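[1] could you look at this predicted model? Sequence included:
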Amino acid sequence: MQAGRLGGDTAPSFVEAKLVDQSKSPEQTGPAGLMEIVLTNGCRVTVGPDVDADALGRVLAVVAGR
């Protein structure tokens, strides 16, 4: 975002991020390194650690309705 690669005319809205210690959370069964992004409109996007920033920016713009 700071490099200007996510695009968009308005600044994104951020919400609280929570880090979960997987050793204390046996219900976590998904692959390691995944990140879930929850937008203010309720849409959720899950990406892996190797996600392309340009592609992610385009996806987020679409699901945010821009």
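    Done, it's in. Numbering: from 1, shown residues only.
[2] direction included, what does the helix or strand bottoming out on mean pLDDT in the chain pair up with?
    Within the chain, no helix or strand scores below strand 35-38, which has a mean of 85 by mean pLDDT, DSSP states H and E. Sheet partners assigned to strand 35-38 using DSSP bridges are listed as strand 44-47 (antiparallel).
[3] buried residues in the strand it pairs with?
    Residues 45, 47 are the ones in strand 44-47 that count as buried (16 or more other C-beta atoms under 10 Å). All C-beta atoms are positioned from the backbone trio N, CA, C, and that covers glycine.
[4] can you classify Thr40 by secondary structure?
    coil (DSSP: H, G, I helix; E, B strand; the rest coil).
[5] neighbours around the nearest residue to Leu39 once chain neighbours are set aside, how many?
    Distances taken as C-beta to C-beta, 6 or more residues apart in numbering put Ala64 closest to Leu39, at 5.6 Å, once the chain neighbours are dropped. Neighbours of Ala64 under the rule other C-beta atoms under 10 Å: 16.
[6] so Ala64 sits against Val38, correct?
    No - with contact defined as C-beta atoms under 8 Å, Ala64 does not reach Val38; the gap is 11.5 Å.
[7] can you tell me how far the residue nearest to Leu39 sits from Gly48?
    The spacing between Ala64 and Gly48, counted by C-beta to C-beta, to the nearest Å, is 20 Å.
[8] with Val63 instead?
    From Val63 to Gly48 the distance is 17 Å (C-beta to C-beta).
[9] okay, these two: which has more neighbours?
    Val63 (15 against 10).
[10] quick one, phi psi at that one?
    The phi and psi torsions at Val63 (degrees, to the nearest 10) take the values phi -70, psi -20.
[11] what's the per-residue pLDDT of it here?
    Here the pLDDT value assigned to Val63 is 84.
[12] name the nearest residue to it, ignoring sequence neighbours.
    Cys43 (4.3 Å).
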